[in-house]
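>>> Predicted structure and sequence below. I'll ask about it afterward.
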Protein chains: 2
Amino acid sequence: MNGVKLTSTLAFRLGTLGAVMTERFSARLAAHGLKPKHVGLLALLESGTATSQLDIAKLMNVAPSLVVSLADRLEELGAVRRERDPMDRRRQTLALTEEGRELLATCTAAAAELDTELTDGLSPEETEALRIVLGTLARRNGLPAD
Amino acid sequence: MNGVKLTSTLAFRLGTLGAVMTERFSARLAAHGLKPKHVGLLALLESGTATSQLDIAKLMNVAPSLVVSLADRLEELGAVRRERDPMDRRRQTLALTEEGRELLATCTAAAAELDTELTDGLSPEETEALRIVLGTLARRNGLPAD
DNA sequence: CCTAATCATTCATAGCTTGAATTATATGAG
DNA sequence: CTCATATAATTCAAGCTATGAATGATTAGG
């Protein structure tokens, strides 16, 4: 029997704060007709980590069929180009267009704005500590590091 | 034009890490036939912050009709009792049963386990810093504090 | 070659959540 | 007191996201 509260647990707080943040991010993205996963896909392409849809699906931890519809939407917006891989014509490789790069930059700026709102009341040291620890946790959990 | 990457943004990292954590939490809860929101509701009841279903819905930021089904499930499990408020018979007040308290304790322990897994590679100072900053952020964003 | 594997795609479906309609109860004005 | 209006819980239909199975195209290996 211990006195730990569920709500003071890191797992719970990360979960709820994470939900709040993606909700806010989602709200800003709506103006561009995008969802967070669309932007995640754009970021993945920019990182050059993956180009084939299947690789993308694995890295994003989603079903391959979902990548299809995300890519459909992005292609529709002109943010991404689909090209058959000449080495293996089963593969569809996705390439960021200039427009896609700009869109990603805009969305990244929106996320950065959310960051400053979020850390508004935090001291610079706290903010920096948070940044560092979240980075470490991301790396240790197979999430996009950079 | 700046060089910030989406994936190194706090908003994005909190979002993805949050998703990972609630996914893991959810997996552990499955054994008890619960979802994270069920446990969130139990925790809210224990905190004594709200008892009527409508108040609960507001505090959880979900539709009142969702509280109905969460409460149905919890009642089914014997974790919660529904009682008409004698002062206002429209209101249904939810009360934790002893069984519910135990269930919450079990789930809280599961969350605490996830915490130790998560912070496994972190220094004690980093872990403490994370705990404190997340606490501050939770408070500043209207999420359950303490 | 021919069989088995792989990639993208489509489609049906499941799960979570919301909003509108319904019922019961309460409140306030006349 | 009574009627009109507001509030709480509940039910129900519907939307959205995501998945998994089936299909078609292409490749790889014996």
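Here it is on my side, so go on.
>>> ok, A:I56 touching A:A43?
No - with contact defined as C-beta atoms under 8 Å, A:I56 does not reach A:A43; the gap is 11.0 Å. All C-beta atoms are positioned from the backbone trio N, CA, C, and that covers glycine.
>>> At the contact with DNA strand C, which residues of chain A appear?
Residues of chain A lying close to DNA strand C by C-beta under 7 Å from any atom of the strand are A:52-54, A:57, A:64-65, A:67-69, A:71-72, A:82, A:88, A:90-93.
>>> The same query, at a cut-off of 6 Å, please.
Contact residues, chain A versus DNA strand C (C-beta under 6 Å from any atom of the strand): A:S52, A:Q53, A:L54, A:P64, A:S65, A:V68, A:A71, A:R82, A:R90, A:R91, A:Q92.
>>> A:D85: neighbour count?
Neighbours of A:D85 under the rule other C-beta atoms under 10 Å in any protein chain shown: 12.
>>> Now do it, the pLDDT please.
Predicted confidence (pLDDT) for A:D85: 95.
>>> ok, now A:M1?
Per-residue pLDDT puts A:M1 at 56.
>>> how close does the residue most central in space within chain A sit to A:L118?
Residue closest to the average C-alpha location in chain A (C-alpha atoms, centre = their mean): A:G40, at 3.2 Å. Taking C-beta to C-beta, to the nearest Å as the measure, A:G40 falls 19 Å from A:L118.
>>> A:V133 now?
From A:V133 to A:L118 the distance is 15 Å (C-beta to C-beta).
>>> got it, and A:L17?
Relative to A:L118, A:L17 is positioned 9 Å away (C-beta to C-beta).
>>> And A:K5, by the same measure?
From A:K5 to A:L118 the distance is 23 Å (C-beta to C-beta).
>>> The residue of chain A found nearest chain B: neighbour count?
Per C-beta to the nearest C-beta, A:G18 is where chain A lies closest to chain B, at 1.4 Å. Residues contacting A:G18 under the criterion other C-beta under 10 Å number 22.
>>> OK, contacts around the nearest residue to it once chain neighbours are set aside?
Leaving aside its sequence neighbours, A:G18 sits nearest to B:G18 (C-beta to C-beta, 6 or more residues apart in numbering or on different chains; 1.4 Å). Contacts for B:G18 were tallied using C-beta atoms under 8 Å, 6 or more residues apart in numbering or on different chains; they are A:L14, A:G15, A:T16, A:L17, A:G18, A:A19, A:M21, A:T22.
>>> Out of those residues, the closest to B:G142 would be?
A:T16 (10.2 Å; C-beta to C-beta).
>>> DNA strand C versus the closest residue to that closest one other than its chain neighbours, what's the distance?
Nearest non-adjacent residue to A:T16, counting by C-beta to C-beta, 6+ apart: B:L143, 5.2 Å away. Distance check for B:L143 against DNA strand C: by C-beta to the nearest atom of the strand, to the nearest Å, it reads 15 Å.
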